[in-house]
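**Q** Model the following, please.
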Amino acid sequence: MNHARLQPRDRVLLYRDGGTEALSPDGGLFGEQRLGDAVIRSLAAGDDAPEALRRSLVQDALTHQDHRLSDDATILLTEWHPS
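**A** Next up, the predicted model:
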């Protein structure tokens, strides 16, 4: 088991294969790099975690698949806010 010490405002992104194995019409995978880039770009623009997923990642994945869904995608982005 791996352990990590989170600092305030650190983010953790968890996903299942449906989030990276989305296929484009020509058969190209969405991939881990594109998934990470979409989230990082959105967060850098000032979006909070829910908006980063909704605005950027979901839209990028739908566009990549030409708006034809073929698999489920489970993705969780959380941000650490200690009390």
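**Q** Could you tell me which helix of this structure is the longest one?
**A** Scanning the chain for the longest helix, with DSSP state H as the assignment, gives helix 31-44.
**Q** helices or strands up against that one?
**A** strand 11-15, helix 59-64 (3 or more C-beta pairs under 8 Å, 6 or more residues apart in numbering; DSSP states H and E). C-beta coordinates here come from the backbone N, C-alpha and C atoms, glycine included.
**Q** Tabulate these in JSON lines, adding columns for distance to Leu53.
**A** Formatted as JSON lines, the helices and strands packed on helix 31-44 follow (distance: least, C-beta to C-beta, whole Å):
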{"stretch": "strand 11-15", "distance to Leu53": "9"}
{"stretch": "helix 59-64", "distance to Leu53": "10"}
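**Q** Can you tell me which of those is most buried?
**A** Greatest average neighbour count among these goes to helix 59-64 (a mean of 16), per mean count of other C-beta atoms under 10 Å.
**Q** tell me what it is packed against?
**A** helix 31-44.
**Q** Please report the distance of the residue nearest to Leu62 when sequence neighbours are not counted from Gln33.
**A** Closest residue to Leu62 apart from its sequence neighbours, by C-beta to C-beta, 6 or more residues apart in numbering: Leu69 at 7.8 Å. From Leu69 over to Gln33 the distance is 21 Å, taken as C-beta to C-beta, to the nearest Å.
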